[in-house]
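Q: Provided below for reference: sequence and predicted model.
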Amino acid sequence: MKKVDALKDILQSRIVNQMSYNEGLINNYNPELRQVYTQLRDDEMRSIVKLQQRVERLESARGIVSKLFNTRLK
């Protein structure tokens, strides 16, 4: 498994986690519990953004390198 594919799998699981925290916010009225869910959701969102940026860097770097090495010398 490639590194970028593993990161994409982790990213998907983080997105599912964030969705479950959002559901927890919707389904609970306890202020302390809502605060916990909000904090978890926000932490998960920061992690998602970092992972998305890392995946984009890896994919764009791979594209540049493959363009360089796929050119043929005549």
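A: Received, thanks.
Q: which strands and helices sit next to the helix ranked longest in the chain?
A: Ranked by residue count and defined by DSSP state H, the top helix of the chain is helix 31-70. Applying 3 or more Cβ pairs under 8 Å, 6 or more residues apart in numbering; DSSP states H and E, one finds that helix 31-70 makes contact with helix 3-27. Heads up, the C-betas are built off the backbone N, CA and C, glycines and all.
Q: quick one: mean pLDDT over the helix it packs on.
A: Averaged over helix 3-27, pLDDT sits at 95.
Q: give me the buried positions along it.
A: 4, 7, 11, 14, 17-18, 21, 24-25 (16 or more other Cβ atoms under 10 Å).
Q: redo the residues you listed as JSON lines? Include distance to Asp42.
A: As requested, those are exported to JSON lines (distance: Cβ to Cβ, whole Å):
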{"residue": "Val4", "distance to Asp42": "26"}
{"residue": "Leu7", "distance to Asp42": "21"}
{"residue": "Leu11", "distance to Asp42": "17"}
{"residue": "Arg14", "distance to Asp42": "13"}
{"residue": "Asn17", "distance to Asp42": "12"}
{"residue": "Gln18", "distance to Asp42": "9"}
{"residue": "Tyr21", "distance to Asp42": "9"}
{"residue": "Gly24", "distance to Asp42": "13"}
{"residue": "Leu25", "distance to Asp42": "11"}
